[in-house]
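Enquirer: need the 3D shape of this:
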Amino acid sequence: MRAFRGAGATHSVRCMDSDTPAPDPAPDPGAAPGADAFIRALPKVELHVHLEGSMQPETLFALARKHRVDGIPATLADLRSWYTFRDFPHFVEVYLASVQVLREESDFALLTADVAERLAAQRVRYAEVHVSLYGHLMRGIPAHVVWAGLEHGRRAAERDHGIRLRWIPDFPGDYGLDAAESTLDSVLAARPDSVLGFGVGGMEVDLTPFAGVFGRAVADGLHSLPHAGESTTADQVWSAVRALRAERIGHGIRSVADPRLMAHLRETQLPVDVSITSNLRTRSVARAAEHPLPHMLAAGLLVTLNTDDPPMFGTDLTNEYRTAHRLGLDLGALAQLARNGVAASFLDARGKREITAEIDAVLAAHTT
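Expert: This is a model prediction of the structure:
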């Protein structure tokens, strides 16, 4: 992840050098009719998705017009074309523009409602959503404005679509300890009960300096949910495990290079949240055939399947399951991925039982 500044704001997104060739397209989302029907019917959870990176062109267009934000195409048709991922600098451009339109409580509520509705349409029953709180604080948006909007949208989504959302505020690690401390201070000062964790993204750096901050977060009842080991080395994952007492690893695909780490992840069943298309789009993995997901599952790791920044990478959770199927996972393995997501979540025990039972029923209906 790279933290970067633009138009007076601070944000964090993944980076590849500007002269790096564009990544191979994501795998063909097509699937055999039976598999596709199963994937569409499968109940799901989403554990690694960024709220700001989930903004659809229509939402961006509406908010840009509301706030008269410059630098955004003047028609929805042009904006949809502009929104299509071309290369990484273009992704940065779109991401910056998207975040700039979030200014008022109602903006955050609108975005949350839209994201929740789209997740629910894919039979996502529960989602733990990363919120780039530090980026909003640095733009001068008070934390209480962010939380008020998110909570309004969350409650409406639960009422209207039956989906449950929980929040993971985070900060970019490459902005250092001050960013970590100020973000956590804002969270602890006035967080809603729906905030369940604390995270770190940004460029991958040694996480040891943040041990004290995460210690404070955990002591106050927040789960430790860092990004680690996407574009650097397995050492980053060890850093998350040892320094931050990570309870889930965001991305973690570099773990496959370290047999000792793989053994640790298998023995502890420490969950690893994988996002296939994101890894391809950012060149963290060069080609779909090289993605380590099948190897991680075969090694006995507790792997979950997620989207990261879905519209900006041209995907959604249904497409990620189709992509996993094309990597060789049969219906039983896809169902196990869905169960893994439930198991790795912080949903209550009753909720876990209900969604797992739904998954099992759908698998039985499509394999008998």
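Enquirer: show me where the chain has its strands.
Expert: 2-6, 9-13, 44-50, 124-131, 164-172, 197-201, 223-224, 227-228, 249-251, 272-274, 303-305 (DSSP state E).
Enquirer: so which of those strands gets nearest residue 37?
Expert: Nearest to residue 37 among these is strand 44-50; the distance by Cβ to Cβ comes to 14.7 Å. For glycine as for every other residue, the C-beta is placed from the backbone atoms N, C-alpha and C.
Enquirer: show me the contacts for residue 180.
Expert: By Cβ atoms under 8 Å, 6 or more residues apart in numbering, the contact list for residue 180 reads 171, 173, 200, 210, 213.
Enquirer: sorry, that was for residue 252
Expert: Residue 252 neighbours (Cβ under 8 Å, 6+ apart): 228-230, 237, 265, 272-274.
Enquirer: any chance of these in JSON lines, with pLDDT, neighbour count and distance to residue 103 too?
Expert: As requested, the contacts of residue 252 are exported to JSON lines (pLDDT from 0 to 100; neighbours: other Cβ atoms under 10 Å; distance: Cβ to Cβ, whole Å):
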{"residue": "228", "pLDDT": "97", "neighbour count": "27", "distance to residue 103": "32"}
{"residue": "229", "pLDDT": "94", "neighbour count": "29", "distance to residue 103": "34"}
{"residue": "230", "pLDDT": "93", "neighbour count": "25", "distance to residue 103": "30"}
{"residue": "237", "pLDDT": "97", "neighbour count": "30", "distance to residue 103": "36"}
{"residue": "265", "pLDDT": "98", "neighbour count": "25", "distance to residue 103": "41"}
{"residue": "272", "pLDDT": "98", "neighbour count": "26", "distance to residue 103": "35"}
{"residue": "273", "pLDDT": "98", "neighbour count": "24", "distance to residue 103": "30"}
{"residue": "274", "pLDDT": "98", "neighbour count": "29", "distance to residue 103": "33"}
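Enquirer: helices of the stretch 101-250 of the chain, residue ranges please.
Expert: Taking DSSP state H, counting those that start in this stretch, the helices of the stretch 101-250 of the chain run over residues 105-121, 133-138, 143-161, 176-189, 211-219, 234-244.
Enquirer: export the strands of the chain to CSV and tack on distance to residue 56?
Expert: Shown next, in CSV, are these (distance: least, Cβ to Cβ, whole Å):
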stretch, distance to residue 56
strand 2-6, 21
strand 9-13, 17
strand 44-50, 13
strand 124-131, 15
strand 164-172, 17
strand 197-201, 21
strand 223-224, 28
strand 227-228, 23
strand 249-251, 23
strand 272-274, 22
strand 303-305, 21
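Enquirer: any idea which of these gets closest to residue 320?
Expert: Of all those, strand 303-305 comes closest under Cβ to Cβ, at 5.3 Å.
Enquirer: of the strands of the chain, which approaches residue 342 most closely?
Expert: Judging these by Cβ to Cβ, what sits closest to residue 342 is strand 44-50, at 5.6 Å.
Enquirer: by contact count, what packs against that closest one?
Expert: Counting contacts by 3 or more Cβ pairs under 8 Å, 6 or more residues apart in numbering; DSSP states H and E, strand 44-50 packs against strand 124-131, strand 303-305, helix 317-326, helix 331-344.
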